[in-house]
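Trainee: Here is a sequence together with a model predicted from it:
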Amino acid sequence: MGYRVTDERYKMVLDRTVDDLLGIMNVSLVQQAKDVVKRFMGRSVRTKDPLFWPAGMLMLGLVSAAEQEVYKQDASSEENDGKAVAMKEHSEDEQATVIKQLDVEIKSKCLAAISAHLDMWLKSYDGKIDFVDDALSGVCFIRAYELTHEDKFKEAADKIAQFILTAPRDEQGTIIYNPGRNSSNIFADGVGQVSMFMAAYTSAFSDSDIVISSGSRLDASKQIKNFFEMGVDKKSGLNYHGYSLHDNQKKGLLGWGRAFGWLYMGVAEAACAAIKSSDEANDNNDQFRDSKISADRGQTNDNYLKVANNGECRGDCPDRKRCFMNSGFNITGLYRQMSRTALEYQRADGGWSWQIQGTEGHIDMSATGMIAYSLARGYNAGILDNVEDIDSSLDNAAECMLSHTEKGAVLDALSSCDDFGVHYQTYGHYPWGQGAVLAALAVIR
């Protein structure tokens, strides 16, 4: 599975992502004019917030590329002929040296771009946080801190954590996506992004005063559990774009690819954090690592999820120690369930459609990147050990994504969504497609 870091297409995608991030706040006169027209028509326009989710998605791609170790393949493998830079004239040691140098260069380039964007936010925007969507950028700052240990990344993550702690919530404690419009709507976008941040932040800084004093207000599983209770179609198991307790209504399109992607990314981050936490706590427990448990846990989770639709963890669940935080909610079982859904709706060309169950509809590179990223994250963490043909599914996704690039620019991403059910069928190059695809390519190894 995977492709070589020397694949020129991958390097071009990475370079274009750096350029997109560094130029994301530069708006042409033509685009400004278009924004005026959109505003007059009541459509959403770009925000001045440098941490808004499009920038966050670009940084997610870059930090994912920065933190990956080079995938080590057999130097004699012919699997990637025609895709990778030919190095057959070099010895294996020379090839390893070249690849290591490329890895260092990639890491340095990615982190420099993220650092520059953070500095710009602090200087030009006074470090303000305006939206829950800024949580995705916070995830990237956490992971950049883990790579560099630079204080500015943790300080930025702390500010975002404080913002999320005080963000308005509904009666169940779920964070409202856009409360400034007097809305009580819960969006998959918001739940996915804040869940990613909560899981990453509590995992990285579990002993911090912010985490210790937060109680359940930074519990990713609570956000996810609430959405799956209120925002998922019981018959199909697919999620709607959102819901409102006030209206008691599920809202938006069923199976919208990016909404599924947001939720899946949140579940994946929480599941990986749960695995990491339990593994650290059980380093000396050989019984916990027994291969029989690994082999049994997937089937057992399948069974108990069918019995307990609310995802509560049964007493005999072998994953009980891996359930996230203190809610008793089996996040790893839910992750497997979403992974099965993702694989079921993967298109023949390896991607995912803008509406995932419409496998013959228009492909969406933003949904494809988000879903492939989430699938690979859990696979790398060992949560999908027993899934058949997962390697080929990820390989097909990687090749599909690379085939929808032109000189490093990711094409065929669906344009922004204005509101529930408002999906203009415009496809092209957007930061959310660019960043999601790079993130997925980086973790498919």
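Mentor: Everything's here; your move.
Trainee: For the spatially most central residue of the chain, give its distance to Gly435.
Mentor: Central residue of the chain (CA atoms, centre = their mean): Met265, 3.9 Å from the mean position. Met265 sits 12 Å away from Gly435, going by CB to CB, to the nearest Å. The way it works is simple: take the backbone N, C-alpha and C, and place the C-beta from them, glycine included.
Trainee: same deal with Glu269?
Mentor: Glu269 sits 15 Å away from Gly435, going by CB to CB.
Trainee: what about the helices in the stretch 301-445 of the chain?
Mentor: Using DSSP state H, counting those that start in this stretch, the helices of the stretch 301-445 of the chain run over 331-344, 365-380, 390-403, 431-443.
Trainee: Adding mean pLDDT and distance to Ala413, write those helices out as CSV.
Mentor: What follows is the helices of the stretch 301-445 of the chain, written out as CSV (pLDDT from 0 to 100; distance: least, CB to CB, whole Å):
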stretch, mean pLDDT, distance to Ala413
helix 331-344, 96, 18
helix 365-380, 97, 4
helix 390-403, 96, 11
helix 431-443, 97, 3
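Trainee: that older thread, my guess is the residue nearest to the centre of the chain meets Val194, correct?
Mentor: No - if you go by CB atoms under 8 Å, Met265 and Val194 don't touch, sitting 11.2 Å apart.
Trainee: Now Gly361: closest residue in space that isn't a chain neighbour?
Mentor: Ser353 (4.3 Å; CB to CB, 6 or more residues apart in numbering).
Trainee: and that neighbour, bridged to which residues?
Mentor: Ile363 (DSSP bridges).
Trainee: What distance do you get for it to Tyr427?
Mentor: Counting by CB to CB, the gap from Ser353 to Tyr427 is 11 Å.
Trainee: and if you look at Ala367?
Mentor: For Ala367 relative to Tyr427 (CB to CB), the value is 11 Å.
Trainee: So between the two, which is more surrounded?
Mentor: Ala367 (28 against 19; other CB atoms under 10 Å).
Trainee: contacting residues for the more buried one?
Mentor: 257-258, 260-261, 352-354, 356, 414 (CB atoms under 8 Å, 6 or more residues apart in numbering).
Trainee: Looking at the helices of the stretch 301-445 of the chain, which is nearest to Pro179?
Mentor: helix 431-443 (22.7 Å; CB to CB).
Trainee: Can you dump the C-alpha atoms of that closest one in CSV for me?
Mentor: In CSV, the C-alpha atoms belonging to helix 431-443 read as follows (Å, rounded to 0.1, in the frame of the first residue of the first chain):
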residue,chain,number,x,y,z
PRO,A,431,-8.6,25.2,-0.3
TRP,A,432,-10.8,22.5,1.3
GLY,A,433,-10.2,20.2,-1.5
GLN,A,434,-6.5,20.9,-1.7
GLY,A,435,-5.9,20.5,2.0
ALA,A,436,-8.1,17.4,2.4
VAL,A,437,-6.4,15.6,-0.4
LEU,A,438,-2.9,16.4,0.8
ALA,A,439,-3.8,15.2,4.3
ALA,A,440,-5.2,11.9,2.9
LEU,A,441,-2.2,11.3,0.7
ALA,A,442,0.2,12.0,3.6
VAL,A,443,-1.4,9.4,5.9
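Trainee: Just want the angle from that helix to helix 365-380.
Mentor: 30 degrees (axes from the mean of the first three to the mean of the last three CA atoms, to 10 degrees).
Trainee: Just want the angle from helix 431-443 to helix 390-403.
Mentor: Calculated by the same axes, to 10 degrees, helix 431-443 forms an angle of 140 degrees with helix 390-403.
Trainee: name the helices or strands packed onto helix 431-443?
Mentor: helix 8-22, helix 53-67, helix 365-380, helix 390-403, strand 409-410, strand 413-414 (3 or more CB pairs under 8 Å, 6 or more residues apart in numbering; DSSP states H and E).
Trainee: that older thread, could you say which one of the helices of the stretch 301-445 of the chain comes nearest to Lys107?
Mentor: With CB to CB as the measure, helix 431-443 is the member of the helices of the stretch 301-445 of the chain nearest Lys107 (11.0 Å).
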